[in-house]
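# Would you be able to build a 3D model of this:
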Amino acid sequence: MFIGNRKAILPSLVVIFSLFFAETASPQCGAGKISQTVQGFGSILVTDHAYEGITGSNALGTPDGSGAYFSNHGQYIIIDLIDTVRAGQTYTFFWRQHQSMSGSTIIWWRESLDNVNFTEHSLSGLLTTSNKSFFSSEITAENDTRFLRIYMASGTNDFYLDAISYNATKCYSDICGAGYSSRLFSGNALPVASTNQNSVSNYTYLSGVPDGRGASFNSSGDWAIISLPHTIPAGQQYYIIWRPIDVTGVASSVLSVEESDGTGWGTPRQLTPYVGESPIFLTEIVTASQNTNQIRIRLASGSDYCYLDAIVFNALGCLPPPPDLYVSGDLEYCGTPLLIAPELTITDGADQIISGAYVQIGTGFQAGQDLLGFTPGHGITATYNANYGLLVLSGRATTSQYESVLRTLTYSNSNPGPVTGNREIIISLERVLPSTGHYYRYVPVLNTRWHDAILFADRSHLFGMQGYLVTIGSAAENTFLRSQMTGGAVWVGASDFYSAEGDWQWVTGPDAGTSFWLGDENGSEITYANWDDGEPNDDGDQDFCHYLTEGTWDDNGFGIGSGIWRPEGYYIEFGGMPGDPVLDISGTVNVNVIIGTPPAPSVAGPATVCPNAAGVIYTTANVAGHNYLWEVTGGSIASGQGTNSITVNWGATNPGTVKVEESIGASCQVTSETLTVTIIKPVGVATPATQTVCSDEA
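The predicted model follows:
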């Protein structure tokens, strides 16, 4: 991969969202405009004059523990933030002093909107540190700023700059109609599977924010399918950050794109050819021809080669009102698969496309016995975690299609003698924990760093609810999170990176700034914590919290780790944020598992009796826990109703019947065949001997 000139987008290629963005110098939005917050990290290296001209790219992307190194007076880099941070908004430096230095280190920087006119920040040359571990310094922009020139002045100590983050408020045209709410969908490519690319070297570099690394398209026809975390509406734009190179001598490098909404691919479109080689990364601005959540990028046949760094999008969408899921019921399990939600409804006027649903056995769950099933349809499939009673349905389909599939849900039990009692079965369009009232989403993404997880979680939403990296406030919530993990670790929203060492805080969501642990492995719990043995030990400056498979916690550094410490995803939580809508996307069905052998009644007693015979006994097998309801015609029940044996007084009307209905609980019923009883007239001595004998007086 080419690394010597990993530089930047041309200054003239200002990244704007021309369809929606109001190009103003103030974050205050005028009539017909709405404000949205764009998040990101400094992603494009315009100029690299840091140490030996090769370390500047270490300041790109999210913090990873590396940094652009400044060791001499006059060394500098220029970073393109892509978005414009308006005056009064903030950006953050992640930096530290070189480990060999003593005293204080000073950082200098200038701000620019156009990469031509730079203005010294008033804190430049005043912001100092002696911290040899990376930390963050939040800066208020004094000018509208897209480019930052960070440099080393004379008389200061060596330092590293790891990353620059920002949150920029922008103004967009309010295009949503009545009943719809505006939502900014921001994102980058999701990790690319090996099966979703052809001959692309370093294809894993395609995911995440731009960071100066590039996947190499180095043979004719190379392609990669890039999935996005959100759908880009038709007519809005996304940005391909790439660098054409001259390897084969062909006149130009050309990319083509195909777009998909998950149901089919659109017509391939060839993008603008680039003649020769660019020493810097370029931005190809593409307008989505259809609703797009997948993009196939291909190196056109006969084209010269290129590097592709990332996909970037900030698209304004209009959310319909959230769907309303309704289901309830108090059912009894009788030993055969039980439909648990045949009357479930999802009310959704927009019949919007969703990607999953969840069925969770909560209170009363019995591992190794309780089973959940369903009938697949509409491309919806499912996996069942028998250890936790969790059925995860997945597949892009409309809410009405999910409604029809959810109506086929069944409960069954694999044990002939199951543990009895109630099973609380929760059906929802996102996992929900009743004790918190919050929703939770597990995102299985390998090798994601903590700051990436923070960014991705903050960009997530659930029918208008704001996502954030999960916070854990109780043992019940901690246990709840274990059910979807697969063997590694996941990131949660805890850190002592933004606070004093050992002051572990929740830094996300409504609990942001709340301390829950103070100290190292011998520290003290303030609210709730579940550290693994010997943790947190700050081994090698570890400031970020991993949640391990067994539910214990571990502090981890910028490194990815391996084995059980390798991050395999992160948890997003929804709930408690200002402005969140009230959702009703879950319901509960109670299934009472009844003890005992399945009912199989059989009436025993005389089938022939004399008229007006009294005290005649009829029985069925007595099974503990079963209920019995008897009916008699041609006579009356003298005693025993509700038991397995009754006494009947017969009349003179022929014939009569005896029927018993045997049940477990209120609804697990099996009715015997009716026993017909002949009521005979006096005949004297009966022949054969087995016939009932009635006296003349009978």
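
# nearest spatial neighbour of residue 214, skipping sequence neighbours?
residue 307 (2.9 Å; Cβ to Cβ, 6 or more residues apart in numbering). No exception for glycine: its C-beta is placed from N, CA and C like everyone else's.

# what is the mean pLDDT for the strand or helix carrying that neighbour?
Assessed by DSSP states H and E, residue 307 sits inside strand 306-319. Average pLDDT, strand 306-319: 93.

# What are the buried residues along the following helix or strand past that strand?
Along the chain past strand 306-319, the next helix or strand (assigned with DSSP H and E) turns out to be strand 324-326. Buried residues in strand 324-326, counted by 16 or more other Cβ atoms under 10 Å: 324, 325.

# What distance do you get for residue 415 to residue 366?
As for residue 415, its distance to residue 366 is 8 Å (criterion: Cβ to Cβ, to the nearest Å).

# More neighbours: which of these two?
residue 366 (17 against 12; other Cβ atoms under 10 Å).

# What residues does the spatially closest residue to residue 603 that is not a sequence neighbour make contact with?
Excluding its sequence neighbours, the residue lying closest to residue 603 (Cβ to Cβ, 6+ apart) is residue 675, at 4.4 Å. Going by Cβ atoms under 8 Å, 6 or more residues apart in numbering, residue 675 touches 603, 605, 607, 618, 657, 658, 659.

# tell me the contacts of the nearest residue to residue 70 once chain neighbours are set aside?
Excluding the flanking residues, the one nearest residue 70 by Cβ to Cβ, 6+ apart is residue 152, at 4.1 Å. In this structure, residue 152 makes contact with 70, 71, 72, 73, 74, 75, 76, 108, 158, 159, judged by Cβ under 8 Å, 6+ apart.

# What pLDDT does the model give residue 152?
Confidence at residue 152, expressed as pLDDT, is 96.

# From residue 159, how far out is it?
7 Å.

# list residues touching both of those two?
In contact with both residue 152 and residue 159: residue 70, using Cβ under 8 Å, 6+ apart.

# what about residue 451, is that helix, strand or coil?
Three-state assignment for residue 451 (DSSP: H, G, I helix; E, B strand; the rest coil): helix.

# Any regions of the stretch 501-650 of the chain where pLDDT drops low?
596 (pLDDT under 70).

# Burial check on the residue nearest to residue 508 when sequence neighbours are not counted, number of neighbours?
Counting by Cβ to Cβ, 6+ apart, residue 508 lies nearest to residue 493, which is 3.3 Å off, once chain neighbours are set aside. Taking other Cβ under 10 Å as the neighbour definition, residue 493 ends up with a count of 26.

# Show me where the stretch 151-300 of the chain has its strands.
Under the criterion DSSP state E, counting those that start in this stretch, strands of the stretch 151-300 of the chain are mapped to 159-173, 181-187, 197-198, 200-201, 215-217, 223-232, 237-244, 252-253, 255-260, 269-270, 274-275, 282-287, 292-299.

# Return the most buried member of the ones you listed.
Of all those, strand 215-217 carries the top mean neighbour count, a mean of 26, counting by mean count of other Cβ atoms under 10 Å.

# just checking, what packs against that one?
strand 200-201, strand 306-319 (3 or more Cβ pairs under 8 Å, 6 or more residues apart in numbering; DSSP states H and E).

# can you count the residues close to the nearest residue to residue 452 once chain neighbours are set aside?
Nearest residue to residue 452 in three dimensions, chain neighbours excluded: residue 62, at 5.0 Å (Cβ to Cβ, 6+ apart). The local packing of residue 62 (other Cβ under 10 Å) involves 24 other residues.

# Kind regards, and thank you for your time.
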